[in-house]
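# just the structure for this:
(one chain, ligands or ions: 1)
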Amino acid sequence: MKVKKRWGLAITLAVMVSIVTACGGNNGGNNANNTANATNKPAETTAVKEETSGDTTGTKKITLGFSQVGAESGWRTANTISIQDSAKEVGFDLKFSDAQQKQENQIKAIRSFIQQKVDAIAFSPVVESGWDTVLKEAKDAGIPVILTDRAVDSADTSLYKTFIGSDFIEEGKKAGQWLADQYKDTQEDVNIVELQGTTGSAPANDRKAGFQEIIASNPKLKVIASQTGDFTRAKGKEVMQAFLKAHKDIDVLYAHNDDMALGAIQAIEAAGLVPGKDIIIISVDAVKDGMQAAADGKINFIVECNPLLGPQLMEAVQAVVDGKEIDARIVTKESTFTSEQAKEALPSRQY
Ligand code: AHR
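Below is the predicted model:
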């Protein structure tokens, strides 16, 4: 994507984003797979203000309506900050709405953005299904929609311009691959419990599927219990307590995010067990608290999911408002961390 100019405030959004074509993960049918850098950085986007005075060209300031999932996790907090800071940086008028993990609230927010005639709408869909009607309303009103972080399963991909975010299937595969490698020579059954993210959400569906696909290659790796912890610490703890009560022989916990893993760690310790030793723990996100737990040896492996999507989102918004074609899929590049790698990365971790 290239330099854009509006309202005399010339903004250079130079993004180290490599955009390629092909689909990654379950992105609701989009047919392009673009790769954006990400590891521990705000997507390497540099916003250069060539001029900081107000509107000298008479061009209208862009109004962006954004519907956020909620504030359920450390990841989400970092994502919200990234979006708010990036909008400020480029001078967009951001109308931010917190859906408190409820689809109905997101639909209401999108309808309100349509009524307000915003220039663009972006949202991180709490679940994958049930968006066609409201997305059609936005399309009919001529307001472009951008999906960020999570996908929808709408068959009609013309209902949105792009989907910017992680490949959650790939994240699940990375988690599964690490586990499969650890236990490749095992002669005994390995009992795994799984803490799923929000039911029906793209990351919960895809992280489960990716993990399952890889561990299926070794019949000794057995998921003996799997339940949602809704991506929260409190629910992660509660469900892990129940798992520990029901199963005396848990070897591995796979948590779809750090917050649930951190809640589960509290339950494991309260049960007199040592997290990271008595129970091997794998999680996803790599937010600071998760990385600290990994550095302390309580989480054994973390798959990164980068929340700093704000700069890429603002760039895409500018492009669609300018009437430019943008790629249908922008995938965030991500890394993984063992305990040792987490120790090294922690001092420079931004979120
Ligand atoms: O959609 C991204 C997921 O949502 C993150 O992994 C999780 O922490 C968050 O709540």
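# up against the ligand, what does the stretch 101-250 of the chain have?
149-150, 203, 231 (C-beta under 6 Å from any ligand atom). To be clear about C-beta, it is placed using only N, CA and C from the backbone, and glycine gets the same treatment.
# SS state for the residue of the stretch 101-250 of the chain at minimum distance from the ligand?
The stretch 101-250 of the chain approaches the ligand most closely through residue 231 (3.9 Å), counting by C-beta to the nearest ligand atom. Here residue 231 is recorded as coil under DSSP: H, G, I helix; E, B strand; the rest coil.
# nearest spatial neighbour of residue 317, skipping sequence neighbours?
Nearest residue to residue 317, sequence neighbours excluded (C-beta to C-beta, 6 or more residues apart in numbering): residue 120, at 4.8 Å.
# quick check: bridge partners of that neighbour?
residue 64 (DSSP bridges).
# distance from the chain centre to stretch 271-285, please.
23 Å (C-alpha atoms, centre = their mean, to the nearest Å).
# is any residue of that stretch near the ligand?
Yes: judged by C-beta under 6 Å from any ligand atom, stretch 271-285 and the ligand are in contact via 284-285.
# tell me the contacts of the residue of the stretch 101-250 of the chain closest to the ligand?
Contacts for residue 231 (C-beta atoms under 8 Å, 6 or more residues apart in numbering) come out as 72-73, 76, 197-198, 201, 203-204, 256-257, 259-260.
# show me which of the residues of the stretch 101-250 of the chain next to the ligand is closest to residue 170.
Distance to residue 170, by C-beta to C-beta, is smallest for residue 203 among those, at 11.5 Å.
# please name the residues that touch that closest one.
150, 166, 168, 171, 197, 231, 256-257, 284, 305 are the contacts of residue 203 under C-beta under 8 Å, 6+ apart.
# looking at the residues you listed, which are in helices?
Within the contacts of residue 203, residues falling in helices by DSSP state H are 168, 171.
# turn the contacts of residue 203 into CSV, columns for pLDDT and distance to residue 97.
Output for those, formatted as CSV (pLDDT from 0 to 100; distance: C-beta to C-beta, whole Å):
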residue, pLDDT, distance to residue 97
150, 97, 16
166, 97, 22
168, 98, 24
171, 98, 27
197, 98, 21
231, 98, 19
256, 98, 25
257, 98, 22
284, 98, 26
305, 98, 23
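# now, which of the contacts of residue 203 lie within strands?
residue 284 (DSSP state E).
# list the contacts of stretch 140-149.
28, 69, 79, 83, 113-114, 117-125, 135, 138-139, 159-166, 307, 309, 313, 316-317, 320-321.
# so which bits of that stretch are buried?
143-149 (16 or more other C-beta atoms under 10 Å).
# with stretch 218-234 instead?
221, 223-224, 227-233.
# now those in TSV, with distance to residue 154?
Listed next are the buried residues of stretch 218-234 as TSV, based on distance: C-beta to C-beta, whole Å:
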residue	distance to residue 154
221	34
223	30
224	35
227	28
228	23
229	27
230	24
231	23
232	27
233	32
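# hey, which helix is longest across the protein?
The longest helix of the chain (DSSP H) is helix 74-90.
# please name every helix or strand in contact with that one.
strand 45-49, strand 63-68, strand 93-98, helix 258-270, helix 288-295, helix 310-321 (3 or more C-beta pairs under 8 Å, 6 or more residues apart in numbering; DSSP states H and E).
# so which bits of that helix are buried?
In helix 74-90, counting by 16+ other C-beta under 10 Å, buried: 74-76, 78-80, 82-83, 86-87, 89-90.
# one more: stretch 296-310?
In stretch 296-310, counting by 16+ other C-beta under 10 Å, buried: 297-310.
# from those residues, which is closest to the ligand?
residue 305 (4.7 Å).
# coming back round to it: least reliable of the helices and strands packed on helix 74-90 going by mean pLDDT?
Among these, strand 45-49 has the lowest mean pLDDT, at a mean of 29.
# the stretch 251-351 of the chain against the ligand: which residues are in contact?
So the stretch 251-351 of the chain meets the ligand at 257, 259, 284-285, 305 (C-beta under 6 Å from any ligand atom).
# who wins for neighbours among those residues?
residue 257 (34 neighbours; other C-beta atoms under 10 Å).
# look at the nearest residue to residue 123 once chain neighbours are set aside and say how many residues are nearby.
The shortest distance from residue 123 to any non-neighbouring residue, by C-beta to C-beta, 6+ apart, is to residue 67 (3.9 Å). Using other C-beta under 10 Å, residue 67 is surrounded by 23 other residues.
# on that earlier part again, show me what contacts the residue nearest to residue 317?
Counting by C-beta under 8 Å, 6+ apart, residue 120 has contacts 62-65, 143-146, 317, 320-321.
# name the SS class of residue 122, please.
strand.
# backbone phi and psi for the closest residue to it other than its chain neighbours, please?
Once flanking residues are discounted, residue 122 sits nearest to residue 146: 4.4 Å by C-beta to C-beta, 6+ apart. The phi/psi pair for residue 146 (degrees, to the nearest 10) reads phi -120, psi 130.
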